[in-house]
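**Student:** Predicted coordinates and the sequence they were generated for:
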Amino acid sequence: MNEIKLREATPSDDFAVGELLVKAFDTQNSAKMPGVVSSAERYADLRNQAQKRADATVLVGEIDGRLVGAITMYRWGTPGNEAWIHGGSGLRYLAVDPKFAGKGLSSLFIDEAKKLAFAWRASAICLRVRHGAIGVQKLYLRHGWERDEDSDLDLRPEILLDGFSLRL
């Protein structure tokens, strides 16, 4: 595999990033959590990259010009930031093209997200993971996040999200 190039997303990336998120999340859910079905609202949110770029920093990764992953980081106080720790950054929408899964790309995106948070002098990075997505939870735990049960978000019957935080 050739080297990945990480860069900030541009308007010309919006469609491809939105479709990558839909594909990656659907693949993850169908493989690991049968029965989980995304709503039309969820798909619209995943595809609304222009709004994400307006509110946050969206990073994309390319290998040989092909989009293979993305991550979104929100500064404290910006729309879309769901951080519950004062001064915290919010990490959302980490996705890797399923064809590139298992190659360590998620770790590269996470490392870059940490660099952004440090540069912003964030107090923490907060995120939520779908309850039952054990592999994703383990990924964040390996990178230093801690389970933060007080920040779980229960929106059942649609979704239950488990909170994780990394103090900086």
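**Tutor:** Perfect, I can see it now. Only a predicted model underlies this, so the values are computations on that prediction, with no experimental measurement involved.
**Student:** Packing partners of the lowest-mean-pLDDT helix or strand in the chain?
**Tutor:** One helix or strand of the chain scores below all others by mean pLDDT, DSSP states H and E: helix 14-32, with a mean of 83. Applying 3 or more CB pairs under 8 Å, 6 or more residues apart in numbering; DSSP states H and E, one finds that helix 14-32 makes contact with helix 40-47, helix 49-55, strand 66-74, strand 89-96, helix 134-142. Just so you know, the C-beta spots here come from the backbone N, C-alpha and C atoms, and that holds for glycine as well.
**Student:** Would you mind extracting the C-alpha trace of the third one into CSV?
**Tutor:** Spelled out, it's strand 66-74. Provided in CSV are the C-alpha atoms of strand 66-74 (Å, rounded to 0.1, in the frame of the first residue of the first chain):
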residue,chain,number,x,y,z
ARG,A,66,-8.3,7.9,-4.0
LEU,A,67,-10.3,9.0,-0.9
VAL,A,68,-9.8,6.3,1.7
GLY,A,69,-10.9,7.9,5.0
ALA,A,70,-12.1,11.0,6.9
ILE,A,71,-12.5,12.4,10.3
THR,A,72,-14.2,15.5,11.7
MET,A,73,-12.9,17.6,14.7
TYR,A,74,-14.9,20.3,16.4
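**Student:** how about low-confidence regions in the chain?
**Tutor:** Counting by pLDDT under 70, the chain has low-confidence residues at 1, 28-38.
**Student:** what sits up against stretch 44-53?
**Tutor:** 9, 11, 13-15, 17-19, 21-22, 25, 38, 58, 72, 80, 93 (CB atoms under 8 Å, 6 or more residues apart in numbering).
**Student:** cool, and stretch 16-27?
**Tutor:** 9, 38, 43, 46-49, 58, 60, 67, 69-70, 93, 95-98.
**Student:** Narrow the residues you listed to those that are buried.
**Tutor:** Buried subset of the contacts of stretch 16-27 (neighbour count, 16 or more other CB atoms under 10 Å): 9, 46-47, 49, 58, 60, 67, 69-70, 93, 95-97.
**Student:** Arrange those residues in JSON lines, one row each, with distance to residue 143 as further columns.
**Tutor:** Below are the buried ones among the contacts of stretch 16-27 laid out as JSON lines (distance: CB to CB, whole Å):
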{"residue": "9", "distance to residue 143": "22"}
{"residue": "46", "distance to residue 143": "23"}
{"residue": "47", "distance to residue 143": "27"}
{"residue": "49", "distance to residue 143": "25"}
{"residue": "58", "distance to residue 143": "20"}
{"residue": "60", "distance to residue 143": "20"}
{"residue": "67", "distance to residue 143": "23"}
{"residue": "69", "distance to residue 143": "15"}
{"residue": "70", "distance to residue 143": "17"}
{"residue": "93", "distance to residue 143": "16"}
{"residue": "95", "distance to residue 143": "16"}
{"residue": "96", "distance to residue 143": "15"}
{"residue": "97", "distance to residue 143": "20"}
